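> Okay, structure incoming, though there's no sequence with it:
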């Protein structure tokens with residue numbers, strides 16, 4: 001028979017009746033994941049690998065249409081597009097697909 005006890009942290013943990021009767025509470029050892037650390041150099045390389053083809057394609061597509069514009073006007077149009085594509089596209093894709101690579105085991 002299993003009963004549920006509330007731990008000091010407020011988490012319900014199962015306690016087996018035999019252990020409860022013997023006066024010992026079940027103390028399951030949770031599986032602890034090994035510590036990981038974020039690697040900025042690895043992340044930077046992956047972001048560069050994602051951004052370079054993106055900005056190159058964006059420039060090939062937009063620059064012919066922007067002939068005659070001043071450089072600051074071109075930049076004012078391209079920079080927000082690039083930032084949006086990075087924030088909602090490139091960076092989440094990198095974090096999702098390369099999570100273990102950019103967060104290697106510590107030590």
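Looks like it came in fine. As the structure is a computational prediction, the values presented were derived from the model and not from experiment. Residues are numbered from 1 along each chain as shown.

> contacts and neighbour counts: CA atoms only from here.
Fine.

> In space, what's closest to the residue nearest in space to the middle of the chain - neighbours in sequence excluded?
The geometric centre of the chain, computed from its C-alpha atoms, lies nearest to residue 95 (CA atoms, centre = their mean), at 4.2 Å. Using CA to CA, 6 or more residues apart in numbering and skipping residues adjacent in sequence, the residue nearest residue 95 is residue 102, 7.7 Å away.

> Kindly report the same for residue 36.
Closest residue to residue 36 apart from its sequence neighbours, by CA to CA, 6+ apart: residue 105 at 4.3 Å.

> my guess is that neighbour contacts residue 33, does it?
No. Using CA atoms under 8 Å, residue 105 is not in contact with residue 33; the gap is 9.7 Å.

> what's the following helix or strand after the lowest-mean-pLDDT helix or strand in the chain?
Between all helices and strands in the chain, the lowest mean by mean pLDDT, DSSP states H and E belongs to helix 17-22, at a mean of 53. Proceeding N to C from helix 17-22, the next assigned helix or strand is helix 40-62, under DSSP states H and E.

> mind listing what's buried in stretch 42-52?
Buried residues in stretch 42-52, counted by 16 or more other CA atoms under 10 Å: 43, 46, 47, 50, 51.

> Residue 94 versus the fourth one, what's the distance?
Remark: distance between residue 50 and residue 94 (CA to CA, to the nearest Å) = 8 Å.

> With residue 36 instead?
In terms of CA to CA, residue 36 sits 17 Å off from residue 94.

> between the two, which one's more packed in?
Using other CA atoms under 10 Å as the criterion, residue 36 and residue 94 rank with residue 94 on top: 17 against 13.
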